[in-house]
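Peer 1: for reference, the sequence and a predicted model appear below.
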There are 2 protein chains.
Amino acid sequence: MSTTATAPHSPAEDDIEHIALDEDYVLTPGFVEKVVDAADDGDGVKLRSLLEDLHPADVADLMGFLTEQHRAVVVVWLPPELLADTLPELDDSIREEVLERVPHLTLAEALQELDSDDAAAVVEDLEDDQREKVLAAMPEVDRAAIESSLGYAEDSAGRLMQREVMAAPQFWNVGDTIDHIRKQGEELPELFFDIYVVDPLNRPVGGVPVSQLLRSARGTTLTEIMEPVNEITVDQDQEEVAYIFEKYHLISAPVIDAAGRLVGQITVDDIVNIIQEENREDILRLAGVADEDRGSSV
Amino acid sequence: MSTTATAPHSPAEDDIEHIALDEDYVLTPGFVEKVVDAADDGDGVKLRSLLEDLHPADVADLMGFLTEQHRAVVVVWLPPELLADTLPELDDSIREEVLERVPHLTLAEALQELDSDDAAAVVEDLEDDQREKVLAAMPEVDRAAIESSLGYAEDSAGRLMQREVMAAPQFWNVGDTIDHIRKQGEELPELFFDIYVVDPLNRPVGGVPVSQLLRSARGTTLTEIMEPVNEITVDQDQEEVAYIFEKYHLISAPVIDAAGRLVGQITVDDIVNIIQEENREDILRLAGVADEDRGSSV
């Protein structure tokens, strides 16, 4: 997940947001106009102050309201971290256009801020020569993560998963786990909802929901409070994965390789996107079938 | 949420599950046959041992494969807590049939195991006289929660939310919050993903993802690590709520009343159901339109 679970909207504290969005969380025409004016004036300081507190999803919406010329100005003034978080939110055609405008060093830096699944989705959209340059400018570990993700079939669990997971050995207790999370904070996924308990071969044997960890005394061992988990295999189709998430109301699930080892996790926000994507396909297919039927009945 | 984030499937530990489900998490014909045989024999002990480790979603699937007669036997032998968790998973027609068979005292007890949104959804389906009996047999606090939920318009956020939330005052730090959760454990939602920080009038001022709480030192105050939250109002339509969840990739969101006070929360698993429900409606509508078009073009 590239973005946080809670999006910025708190009128009392956050005036820009308050002006930017109406009560239905849609950008106001007045706000879009202000951005256009600042872009026309080439007023970078104004632009940045308008944009910096927006949620990436709102920046993406904004880009859809702007002309290509105005987008070109906005991209220059977006703070790099916000640019990174915005890329996965953009419509495909706008993303391609934006990617062509961002210098490859800026892009390489921005992608390091993303979880591996989101970074891979962006790299996938790059032209071959730009892709090479961007990957070459990234640290080995991030490059390897992206290349490994792109190595899985499209629409597979491997492509969907992020490699960042919170795993813990079977012999840890609640206290060990909390201490580890406090120490390793930065290297863990930005958000996580389950802690996967693994055996010495790194195979998941159970999961502990984060709220369950919080509820338990420090001395409790993880194996006492863990629950069975639904394992997803890297080569499973995303439709099957969505079925499992829906059926069991999962928030996250561990992904395993052919040897049963934990290699990543899938979170429900990715699944919401897939369900929407597939429903869109169903509707298009249905519309197509209806058209054909109509044709043949005339 | 009535069920846990992780569903039972761990072949090594759990032989019944392993036999019950194929690798795509679909019930095997062999397992269904065993249940039918045990029901025919009136072998309650066997039935219970077959059923007790199933996930509620799988019990619901199983009910769909059985005849009304076999379902009647199964309902008697389902452990009460599993029966409670299964009710919200059942198809409407089967749920109505099952509800007619369950004695009102059993039902009153089962419903107390559910979060308020799921309990209300079940009570809504009861016939008037059964509803009265069941509500009368419940403790005042649970009855009030259900009645309040049913007081909100259908398809509104108020109907969708659960009243159980984890809220904390602004002056608490991470240590205070963890200690409170350990002490209050049983009264909190079964699962939660965000802690809502509230002012003295119980109005949300921010949210702390549970993984963020875990990552922070005990002395950190919640206001230092909280993020702005997307507030949902009780009377918002569920379609709008789904839009906000999708757009901002939310896992949970606080629900407020007209005075801005925290009255509940909505979690993403409820949203997945709504998205599916609305897509189904879209598809039906589209199919209907296509049919009409066909009719007029002949």
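Peer 2: Everything's here; your move.

Peer 1: all contacts plus neighbour counts: C-alpha atoms, from now on.
Peer 2: Noted.

Peer 1: domain parsing for chain A?
Peer 2: Domain assignment for chain A by automatic domain parsing gives A:15-153, A:167-273.

Peer 1: tell me the most buried of the ones you listed?
Peer 2: By mean neighbour count, with neighbours taken as mean count of other Cα atoms under 10 Å in any protein chain shown, domain A:167-273 ranks first of the domains of chain A at a mean of 20.

Peer 1: what is the end-to-end distance of that one?
Peer 2: Using Cα to Cα, to the nearest Å, the end-to-end distance of domain A:167-273 comes out at 25 Å.

Peer 1: quick check: mean pLDDT across it?
Peer 2: Confidence for domain A:167-273, expressed as mean pLDDT, is 93.

Peer 1: and what of stretch A:135-145?
Peer 2: 91.

Peer 1: between the domains of chain A, which one is nearest to residue B:44?
Peer 2: domain A:167-273 (25.7 Å; Cα to Cα).

Peer 1: the closest one: how far from the chain's middle?
Peer 2: 17 Å (Cα atoms, centre = their mean, to the nearest Å).

Peer 1: which one, of the domains of chain A, ends up nearest to chain B?
Peer 2: With respect to chain B, and counting by Cα to the nearest Cα, the nearest of the domains of chain A is domain A:167-273 at 4.4 Å.

Peer 1: right, is the closest one up against chain B?
Peer 2: Yes: applying Cα under 8 Å from any Cα of the partner chain, one finds domain A:167-273 touching chain B at A:178, A:181-183, A:185, A:191-193, A:205-207, A:209-212, A:214-217, A:227-231, A:240, A:244, A:246-253, A:268-269, A:272-273.

Peer 1: could you list which of those belong to strands?
Peer 2: Within the residues of domain A:167-273 next to chain B, residues falling in strands by DSSP state E are A:205-207, A:209, A:252-253.

Peer 1: Throw those residues into CSV and include distance to residue B:116, thanks.
Peer 2: Below are those laid out as CSV (distance: Cα to Cα, whole Å):
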residue, distance to residue B:116
A:205, 31
A:206, 28
A:207, 25
A:209, 20
A:252, 23
A:253, 26
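
Peer 1: who's in contact with residue A:126?
Peer 2: A:96, A:99 (Cα atoms under 8 Å, 6 or more residues apart in numbering or on different chains).

Peer 1: tell me the SS of it?
Peer 2: Secondary structure, DSSP: H, G, I helix; E, B strand; the rest coil: residue A:126 is coil.

Peer 1: roughly how far does it sit from residue A:95?
Peer 2: For residue A:126, the distance to residue A:95 equals 9 Å [Cα to Cα].

Peer 1: with residue A:176 instead?
Peer 2: Distance from residue A:176 to residue A:95, by Cα to Cα: 43 Å.

Peer 1: so which other helices or strands are in contact with whichever helix in chain A runs longest?
Peer 2: Criterion DSSP state H: the longest helix present in chain A is helix A:268-297. Counting contacts by 3 or more Cα pairs under 8 Å, 6 or more residues apart in numbering or on different chains; DSSP states H and E, helix A:268-297 packs against helix A:238-248, helix B:238-248, helix B:268-297.

Peer 1: for residue A:112, find the nearest of the ones you listed.
Peer 2: Once the helices and strands packed on helix A:268-297 are compared by Cα to Cα, helix B:238-248 is nearest, at 21.0 Å.

Peer 1: and chain A, is the closest one touching that?
Peer 2: Yes: Helix B:238-248 lies within reach of chain A by Cα under 8 Å from any Cα, at B:240, B:244, B:246-248.

Peer 1: using CSV, lay out these together with distance to residue A:170.
Peer 2: Shown next, in CSV, are the residues of helix B:238-248 next to chain A (distance: Cα to Cα, whole Å):
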residue, distance to residue A:170
B:240, 43
B:244, 38
B:246, 35
B:247, 37
B:248, 35
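
Peer 1: can you pull out the helices in the stretch 51-200 of chain A?
Peer 2: Applying DSSP state H, counting those that start in this stretch to the stretch 51-200 of chain A gives helices spanning A:56-65, A:68-77, A:80-86, A:92-101, A:104-111, A:116-124, A:128-136, A:140-150, A:157-160, A:174-184.

Peer 1: returning to what we had before: so which of the helices and strands packed on helix A:268-297 is nearest residue A:144?
Peer 2: helix A:238-248 (22.6 Å).

Peer 1: okay, the angle between the closest one and helix B:268-297?
Peer 2: In terms of direction (axes from the mean of the first three to the mean of the last three Cα atoms, to 10 degrees), helix A:238-248 departs from helix B:268-297 by 120 degrees.

Peer 1: what's helix A:238-248 in contact with?
Peer 2: Contacts of helix A:238-248 (Cα under 8 Å, 6+ apart): A:155-157, A:160, A:232, A:250-251, A:268, A:271, A:274-275, B:3, B:5-7, B:24-25, B:55, B:57, B:269, B:272-273.

Peer 1: now stretch A:203-212
Peer 2: A:192-199, A:222-223, A:225-229, A:254, A:256, A:260-262, B:5-6, B:10, B:191-193, B:210-211.

Peer 1: please redo it, this time with the cut-off set to 7 Å
Peer 2: By Cα atoms under 7 Å, 6 or more residues apart in numbering or on different chains, the list of residues contacting stretch A:203-212 from outside reads A:193-199, A:225-229, A:260-262, B:5-6, B:191-193, B:210-211.

Peer 1: ok, stretch A:150-165 next?
Peer 2: A:115-117, A:120, A:149, A:188-189, A:233-238, A:263-266.

Peer 1: repeat that for stretch A:29-45.
Peer 2: Residues contacting stretch A:29-45 (Cα under 7 Å, 6+ apart): A:19-20, A:46-47, A:62, A:70, A:73-74, A:77.

Peer 1: change it to 8 Å
Peer 2: Contacts of stretch A:29-45 (Cα under 8 Å, 6+ apart): A:19-20, A:46-47, A:50, A:62, A:65-66, A:70, A:73-74, A:77.

Peer 1: what's residue A:174 in contact with, if anything?
Peer 2: A:213, A:216-222.

Peer 1: likewise for residue A:27?
Peer 2: Contact analysis of residue A:27 by Cα under 8 Å, 6+ apart lists A:20-21, A:58, A:61-62.

Peer 1: now swap in residue A:25 and tell me
Peer 2: Taking Cα under 8 Å, 6+ apart, we find residue A:25 in contact with residue B:244.

Peer 1: so residue A:260 is in which element?
Peer 2: When elements are assigned from DSSP states H and E, residue A:260 belongs to no helix and no strand.
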